[in-house]
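Student: Requesting a structural model of the entry that follows:
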Amino acid sequence: MAVNLLAIESSCDDTSASVLQDGNILSNVVANQDVHQLYGGVVPEVASRAHQENILPVVDAALKKAGISKKELDAIAFTRGPGLIGSLIVGVSFAKGLALSLNIPLIQVNHMDAHVLAHFAEDPKPDFPFLCLTVSGGHTQIARVDAPDNMTILGKTIDDAAGEAFDKTGKLLGLPYPAGPIIDKNSKLGSALFNFPKPKVGELDFSFSGLKTSIRYFLQKEREKNINFIEENMNDICRSVQDRIVSILMDKLETAADQTGIKEVAIAGGVSANNALRASIKEVGEKKGWNTYIPAFQYCTDNAGMIAVAGYFKYLNKDFVGQDVAASARI
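Tutor: Okay, the predicted model is just below:
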């Protein structure tokens, strides 16, 4: 008998549902919330209300696309955390209610672990152990992955994450939210003419708050001399900022690989969709003799497909939770 698993992701502002059968993803449906562009960032209360509106049609669409009825489901996986507590509660409550009505097990998934395990959504898959640099809007970390249930955090952000650095820079430049993809696009037309500092923190830890501050002061100083500085130098500013963020990420990843001797190296998370980062890991990987892995774009940003993959590993180990499970913003 085939194992059919429904997965639900609602950690931030995207509502997503996925159906997986025997380890193969049959559907991966995502509903975005464009309303946050009006505010220049995600508004938690608005996100929670949108999840309530989206979750039923998204789950229905995922089941129909997969050709699976809810009565054929064997378990439901869901994001327990980390994330926005209101958004998480919507997904967790829906998963608990549906699992109870169908009398099937519940599987809790750590959102960050799922980003790492997104590499097992399709081929090629990394061999264990491997290193994974996970870069998203709220988190930046390097993990050593010895097994699906055995990950060791080697370094993490101590303040702002890389995704925040992109979005906050975008706000300073007057770009709409989310700014990361726009900075990526503009960078292709610019040159790295402006030099921004590298933060001095622990060997494998990350800090982007100082970079953000230096960018703000730089723009203030230049606009005092030329009020149109940003508009006239937009592409070069974007390229300079992006190159610095990518260099910080890759320097840490290189250090981790050198220290551990591991040559199976991967990136994951929303910022792994960035073209410069994707090109950089390939380039460095060729020089260092790494086997490099980059998820398909649909598995980079928040999606239920990665929750389904992580949930399937837990299903095989019968790692279930009860109806008393609760959402956790800082799991």
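Student: Which is the succeeding secondary structure element to the helix or strand harbouring residue 25?
Tutor: In this assignment (DSSP states H and E), residue 25 forms part of strand 24-31. The helix or strand immediately downstream of strand 24-31 is helix 44-66, counting by DSSP H and E.
Student: If we go by neighbour counts, what in that next one is buried?
Tutor: 46-52, 54-55, 58-59, 62-63, 66 (16 or more other C-beta atoms under 10 Å). Heads up, the C-betas are built off the backbone N, CA and C, glycines and all.
Student: next SSE after that helix?
Tutor: Using DSSP H and E, the first helix or strand after helix 44-66 is strand 75-81.
Student: so that following strand versus helix 44-66, what angle?
Tutor: 160 degrees (axes from the mean of the first three to the mean of the last three C-alpha atoms, to 10 degrees).
Student: Average pLDDT for strand 75-81, rounded please.
Tutor: Averaging pLDDT along strand 75-81 gives 98.
Student: buried residues in the helix or strand just after that strand?
Tutor: For strand 75-81, the following helix or strand on the C-terminal side (DSSP H and E) is helix 85-102. Within helix 85-102, the residues scored as buried using 16+ other C-beta under 10 Å are 85-96, 98-99, 102.
Student: returning to what we had before: same list (the buried residues of helix 44-66) but as TSV, adding pLDDT and distance to residue 147.
Tutor: Output for the buried residues of helix 44-66, formatted as TSV (pLDDT from 0 to 100; distance: C-beta to C-beta, whole Å):
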residue	pLDDT	distance to residue 147
46	85	39
47	86	33
48	92	34
49	93	39
50	89	36
51	91	32
52	95	36
54	96	34
55	97	32
58	97	31
59	98	30
62	98	28
63	98	31
66	98	28
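Student: Need those residues in a markdown table (columns: distance to residue 113).
Tutor: Below are the buried residues of helix 44-66 laid out as a markdown table (distance: C-beta to C-beta, whole Å):
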| residue | distance to residue 113 |
| --- | --- |
| 46 | 27 |
| 47 | 22 |
| 48 | 23 |
| 49 | 28 |
| 50 | 25 |
| 51 | 21 |
| 52 | 26 |
| 54 | 24 |
| 55 | 22 |
| 58 | 22 |
| 59 | 22 |
| 62 | 21 |
| 63 | 25 |
| 66 | 23 |
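Student: between the residues you listed, which is closest to residue 153?
Tutor: When those are ranked by distance to residue 153 (C-beta to C-beta), residue 47 comes first, at 26.6 Å.
Student: pretty sure the closest one contacts residue 12?
Tutor: Yes - shown here, residue 47 and residue 12 form a contact pair, counting by C-beta atoms under 8 Å, at 6.7 Å.
Student: Which residue, neighbours along the chain excluded, lies closest to residue 135?
Tutor: residue 271 (3.8 Å; C-beta to C-beta, 6 or more residues apart in numbering).
Student: just checking, that neighbour touches residue 280?
Tutor: No - Residue 271 is not in contact with residue 280 according to C-beta under 8 Å; the separation is 11.9 Å.
Student: More neighbours: which of these two?
Tutor: Each of residue 271 and residue 280 has its neighbours counted (other C-beta atoms under 10 Å); residue 271 has more, 27 against 18.
Student: Surely residue 291 touches residue 263?
Tutor: Yes - applying C-beta under 8 Å as the test, residue 291 and residue 263 come out as touching, 6.1 Å apart.
Student: Now do the residue nearest to residue 95 when sequence neighbours are not counted against residue 28, distance only.
Tutor: Leaving aside its sequence neighbours, residue 95 sits nearest to residue 78 (C-beta to C-beta, 6+ apart; 3.8 Å). Taking C-beta to C-beta, to the nearest Å as the measure, residue 78 falls 15 Å from residue 28.
Student: so who does the residue nearest to residue 135 touch?
Tutor: Residues in contact with residue 271 (C-beta atoms under 8 Å, 6 or more residues apart in numbering) are 135, 136, 137, 162, 163, 166, 180, 277.
Student: Mind checking what secondary structure it has?
Tutor: helix (DSSP: H, G, I helix; E, B strand; the rest coil).
Student: per-residue confidence for it?
Tutor: For residue 271, the predicted pLDDT is 94.
Student: Quick check: it vs residue 155, distance?
Tutor: 16 Å.
Student: burial measure for residue 16, as a count.
Tutor: Count around residue 16 with other C-beta under 10 Å applied: 29.
Student: hang on, the earlier thing: tell me the gap between the strand holding residue 25 and the middle of its chain.
Tutor: Centroid separation for strand 24-31 versus its chain: 16 Å, with C-alpha atoms, centre = their mean, to the nearest Å.
Student: Roughly how far does the most far-flung residue of the chain relative to its centre sit from residue 280?
Tutor: Note on the chain: the largest C-alpha distance from the chain mean falls to residue 225, namely 38.4 Å (C-alpha atoms, centre = their mean). Distance from residue 225 to residue 280, counting by C-beta to C-beta: 32 Å.
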